[in-house]
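S.K.: Below are the sequence and a predicted model for it; my questions follow.
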Amino acid sequence: MNDKASSTEPLVLVPGEVELAALRRVHAGGVQLALAPSARAGLLAAQATVRRIVDAGEVVYGINTGFGKLAQTIIPHERLAELQRNLVLSHSAGTGEALPDGVVRLVLATKAVSLARGHSGIAPEIVDALLALHNAGLLPRIPSKGSVGASGDLAPLAHLACVLIGEGEVTTPEGEVIGGAVALARIGLKPFVLGPKEGLALLNGTQVSTALALAGLFGAEDVFAAGLMAGALSLEAIQGSIKPFDARIHAARGQPGQIAVAAAVRTLLEGSEIIPSHADCGRVQDPYSIRCVPQVMGACLDNLAHAARVLRIEANAASDNPLVFDNGDVISGGNFHAEPVAFAADIIALAVAEIGAISERRMALLLDSGLSGLPPFLVRDGGVNSGFMIAQVTAASLASENKSLAHPASVDSLPTSANQEDHVSMATFAARRLAEMVQNTAVVVGIEAMAAAQGIELKRGPKSSALLEAEFAAIRGRVAFIDQDHFIATDIEAMRQWARRSQWPAALLDILPSRS
């Protein structure tokens, strides 16, 4: 897997071996994709198996039968192409706003990888077309709603497949919306006439749920790093104790995320002149939102790491149905059921909610002069000025909103397809809601970091560590010290963007699942 390809070299996708770092690059954009040449033999072998079944007149689900509850209906040979085309068109029933470009790039890449595992019986030219669309920046317009994550992401993937048969809509790099046939012509292709099983292979699969969950994971990692940075700044602003981050405490418990977080915070604080300056202040303990950062954020990190392992596997998985094997067997199963993705998305949601929840509590601590030792609401001329009073209300509202959004989607199920699909995962919604949660937490963490910088400047004396002083300067490059009340919404948006960035000190990046 060529994860470190330069900007001019294509990122080579080896089915079964694509790493999270590569998928993060696909999501970010600006990279060309190529399929590993070794994958073509498996594609051709599976395609030959499907052709043999059709030529022999054997009856196999998904190749020459109806679908779902109509699986008992045998389709004559001369209507197989019509069957596949109708399948794609009838399933294009999505609704809602189009998926973001980064998510669509991930859908194209992971669909190509899944098909190229050699268990789908699809023509290699279709996989090539998916990658060609990606590389040309021609992104199928896929509605964000309409999948229950059971027989794969049927409706959204049908909108992707529509483009390959010359239907549907595509967004160009310039933002123009064009028809599927026009998009294919721009990459030198004519609409495909889908062969036996090819439409079903394109529609079955968990790629939309997985792409949404991956985007959520990458966003969660960004706000996790921002949350640790903001927490370290808050510790310095209130002149908190470094003792709870002692490695011996965390080794005694043994939780890996907790150990990693404590080490990262120690690195961020290394060389601080503020810490020794208040060694004899008499404070015994800090509130939990400061003292228990390793325990809370460490648990979040462990959850993100588990979700990352699940999503890496799923991004490489053969998840359509039936599957074709190298001995000629074609077996109907249920790899399209997205329960693993739903669970992964739900635990990402828990982590994102907690990152924001503890950040909001630190923000409240900074504003409470009785606990922080700072001026009330972090402004000197209080009364005339309200300072950060309502910024904290905004943070509280978003942290509370995330608590509702964090309710597990995977515990819900509504039967579909006349009870043939009687248990579904709801993975697509589980993953889709992560984008909103990440944005909410980014605002919360950004407000905390802005407040911490204000607190540090209000007490300005000894300097913090080199890493935190650099971050303080970066924050001041976005927002100024608040000497008197002004239109603060612009500052909040600037700090949301600060929290959504993906570049952080190595001490933080090295513990993130998709970066380590």
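M.R.: Cool, the structure landed. Computed from a predicted structure; not experimentally measured.
S.K.: State the pLDDT value of residue 67.
M.R.: Note on residue 67: pLDDT of 69.
S.K.: Can you report how many residues neighbour the residue nearest to residue 190 when sequence neighbours are not counted?
M.R.: In this structure, residue 190 finds its nearest non-sequential neighbour in residue 184, 6.5 Å apart by C-beta to C-beta, 6 or more residues apart in numbering. No exception for glycine: its C-beta is placed from N, CA and C like everyone else's. Residue 184: 22 surrounding residues under other C-beta atoms under 10 Å.
S.K.: wait, residue 184 sits on residue 129?
M.R.: Yes: using C-beta atoms under 8 Å, residue 184 is in contact with residue 129, at 7.4 Å.
S.K.: send the alpha carbons of the host helix or strand of the residue nearest to residue 190 over as CSV?
M.R.: With elements taken from DSSP states H and E, the one containing residue 184 is helix 180-186. Listed next in CSV are the C-alpha coordinates belonging to helix 180-186 (Å, rounded to 0.1, in the frame of the first residue of the first chain):
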residue,chain,number,x,y,z
GLY,A,180,-24.2,10.8,-15.7
ALA,A,181,-23.7,10.3,-19.4
VAL,A,182,-22.0,13.7,-19.8
ALA,A,183,-19.7,12.8,-16.9
LEU,A,184,-18.7,9.5,-18.5
ALA,A,185,-18.0,11.2,-21.8
ARG,A,186,-15.6,13.5,-20.1
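S.K.: quick one: buried residues of that helix?
M.R.: For helix 180-186, a neighbour-count test (16 or more other C-beta atoms under 10 Å) marks 180, 181, 183, 184 as buried.
S.K.: Where does pLDDT dip in the stretch 301-450 of the chain?
M.R.: Along the stretch 301-450 of the chain, the model assigns pLDDT under 70 to residues 413, 416-422.
S.K.: picking that back up, could you pull out the residues contacting both of residue 184 and residue 129?
M.R.: Counting by C-beta atoms under 8 Å, 6 or more residues apart in numbering, the contacts common to residue 184 and residue 129 are residue 164.
S.K.: tell me the secondary structure for residue 502?
M.R.: coil (DSSP: H, G, I helix; E, B strand; the rest coil).
S.K.: what's the helix or strand for the closest residue to residue 364 other than its chain neighbours?
M.R.: Nearest residue to residue 364 in three dimensions, chain neighbours excluded: residue 392, at 6.0 Å (C-beta to C-beta, 6+ apart). Assigned by DSSP H and E, residue 392 belongs to helix 389-405.
S.K.: wait, residue 474 sits on residue 497?
M.R.: No: Residue 474 sits out of contact with residue 497 when judged by C-beta under 8 Å, with a separation of 11.5 Å.
S.K.: And those two? Which one has more around it.
M.R.: Higher neighbour count among residue 474 and residue 497: residue 474, with 14 against 11, using other C-beta under 10 Å.
S.K.: Are we agreed that that one is in a helix?
M.R.: Yes: Residue 474: assigned to a helix according to three-state DSSP.
S.K.: which residues does the residue nearest to it when sequence neighbours are not counted contact?
M.R.: In space, and not counting its chain neighbours, residue 474 is closest to residue 498: 7.4 Å by C-beta to C-beta, 6+ apart. By C-beta under 8 Å, 6+ apart, the contact list for residue 498 reads 226, 446, 449, 474, 475, 478.
S.K.: Now with 10 Å, please.
M.R.: 226, 229-230, 442, 445-446, 449-450, 471, 474-475, 477-479 (C-beta atoms under 10 Å, 6 or more residues apart in numbering).
S.K.: element containing it, please.
M.R.: Going by DSSP H and E, residue 498 is part of helix 489-499.
S.K.: That helix vs helix 389-405, what angle?
M.R.: In terms of direction (axes from the mean of the first three to the mean of the last three C-alpha atoms, to 10 degrees), helix 489-499 departs from helix 389-405 by 50 degrees.
S.K.: buried ones in helix 489-499?
M.R.: For helix 489-499, burial by neighbour count (16+ other C-beta under 10 Å) applies to 491, 492, 495, 496, 498, 499.
S.K.: and it, how far out from the chain's middle?
M.R.: 21 Å (C-alpha atoms, centre = their mean, to the nearest Å).
S.K.: after that helix, next one along is what?
M.R.: The helix or strand immediately downstream of helix 489-499 is helix 506-509, counting by DSSP H and E.
S.K.: Tell me the buried residues in that next one?
M.R.: Within helix 506-509, the residues that count as buried by 16+ other C-beta under 10 Å are 507, 508, 509.
S.K.: Which residues are in contact with the first one?
M.R.: Contacts of residue 507 were listed using C-beta under 10 Å, 6+ apart, and they are 225, 228-229, 232, 260, 263-268, 270, 467.
S.K.: what's the answer for residue 193, then?
M.R.: Counting by C-beta under 10 Å, 6+ apart, residue 193 makes contact with 81, 82, 84, 85, 165, 166.
S.K.: Which one (most neighbours) among those residues?
M.R.: Neighbour-wise, those (other C-beta under 10 Å) top out at residue 84, 25 neighbours.
S.K.: for residue 30, helix, strand, or coil?
M.R.: Residue 30 ends up coil, using three-state DSSP.
S.K.: just for the stretch 51-200 of the chain, where's the confidence low?
M.R.: Per-residue confidence for the stretch 51-200 of the chain (pLDDT under 70) gives these ranges: 67-71.
S.K.: So which of the contacts of residue 498 are in strands?
M.R.: Members of those lying in strands (criterion: DSSP state E): none.
S.K.: burial of the residue lying closest to residue 58 once chain neighbours are set aside, as a residue count?
M.R.: Computed as C-beta to C-beta, 6+ apart, the closest residue to residue 58 that is not its neighbour in sequence is residue 64, at 7.9 Å. Residues within reach of residue 64, counting by other C-beta under 10 Å, total 22.
S.K.: my read: residue 64 touches residue 76, true?
M.R.: Yes: Residue 64 is within contact range of residue 76, at 8.1 Å (criterion: C-beta atoms under 10 Å).
S.K.: so what sits against both of these two?
M.R.: Common neighbours of residue 64 and residue 76 are listed as residue 83 (criterion: C-beta under 10 Å, 6+ apart).
S.K.: how about residue 34, secondary structure?
M.R.: strand.
S.K.: right, and it touches residue 131 too?
M.R.: Yes: look at residue 34 against residue 131 with C-beta under 10 Å: they come within range, at 6.9 Å.
S.K.: Quickly list what's touching both of the two.
M.R.: Here residue 34 and residue 131 have 10, 13 as joint contacts, going by C-beta under 10 Å, 6+ apart.
S.K.: And those two? Which one has more around it.
M.R.: Legend: neighbour count by other C-beta under 10 Å for residue 34 and residue 131, higher for residue 131 (22 against 15).
S.K.: Settle this for me: that one is touching residue 32, isn't it.
M.R.: Yes: between residue 131 and residue 32 there is a contact at 8.7 Å, judged by C-beta under 10 Å.
S.K.: anything in contact with each of the two?
M.R.: residue 10.
S.K.: returning to that earlier point: tell me the contacts of the residue nearest to residue 364?
M.R.: Counting by C-beta under 10 Å, 6+ apart, residue 392 makes contact with 360, 363, 364, 366, 367, 368, 377, 378, 444, 447, 448, 451.
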